[in-house]
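Q: Need coordinates for the following:
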Amino acid sequence: MQDTSQTEFHIEHIFISEGHNFVGHHGKPPGTHPIKSVEEVECKAGSGLLGDRYFNHKENYKGQITFFEMEVFERLQKELNIFNKPPSAFRRNVLTRGVDLNSLIGQTFEIQGIQFEGVEESKPCYWMDQAFGPATEEALKNHGGLRARILTNGTLKVSTKTNQK
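A: A predicted model of the protein is given here:
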């Protein structure tokens with residue numbers, strides 16, 4: 001397991017949505033399921049986030065939870081001159097600060113006592129250009145976030161800037 005105890009793993013936002021707006025909508029308009037900001041969420045090992053669209057999606061699903069770096073969001077705002085979209089536009093579950101999420105691919109790590117397995121980049125798709133703005137898909141390549149499996153149960157909470165282990 002990667003030692004994240006010395007890492008300042010700050011969680012700024014947690015988002016869930018009951019339905020898909022983009023998955024399954026190819027060639028059609030996006031869905032209208034709202035994304036909900038929550039202060040905490042129940043992580044269920046092997047299942048996902050309680051109340052989220054990917055909860056019990058399929059066995060051993062690699063995207064039971066998704067993480068996204070606030071630093072990437074802020075970089076995109078400046079690079080693309082888009083300041084009217086919230087960080088929820090990317091529809092990732094947990095927005096972090098202070099951790100290079102790509103370094104967690106292939107690693108087991110722990111946040112707030114919950115263990116996760118970093119599986120792969122949450123690759124951006126063409127919908128990002130509609131959800132955030134033109135050129136977003138290209139700008140997000142190699143920085144689309146982290147897809148992970150949940151290995152232990154627990155409650156993940158929006159946090160202050162403290163070490164998380």
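
Q: Below-threshold pLDDT in this protein: ranges please.
A: Applying pLDDT under 70 to the chain flags residues 1-8, 19-33, 160-165.

Q: how about 50 then?
A: Within the chain, the ranges that satisfy pLDDT under 50 run 5-6, 21, 24-25, 162-165.

Q: List the residues that contact residue 148.
A: Each residue near residue 148 by C-beta atoms under 8 Å, 6 or more residues apart in numbering is listed here: 62, 63, 64, 65, 66, 67, 104, 116, 117, 118, 119. No exception for glycine: its C-beta is placed from N, CA and C like everyone else's.

Q: rerun at 10 Å
A: 62-67, 93-94, 101, 104-105, 107-109, 111, 115-120, 122 (C-beta atoms under 10 Å, 6 or more residues apart in numbering).

Q: What residues of the longest helix anywhere in the chain count as buried?
A: Criterion DSSP state H: the longest helix present in the chain is helix 70-80. For helix 70-80, burial by neighbour count (16 or more other C-beta atoms under 10 Å) applies to 70, 71, 72, 73, 76, 77.

Q: which outside residues touch the following helix or strand past that helix?
A: Next helix or strand after helix 70-80 toward the C-terminus (DSSP states H and E): strand 94-97. Residues from elsewhere that reach strand 94-97 (C-beta under 10 Å, 6+ apart): 8-16, 37, 41, 43, 49, 65-74, 87-88, 101, 111, 116, 145-146, 148, 156, 158-159, 161, 164.
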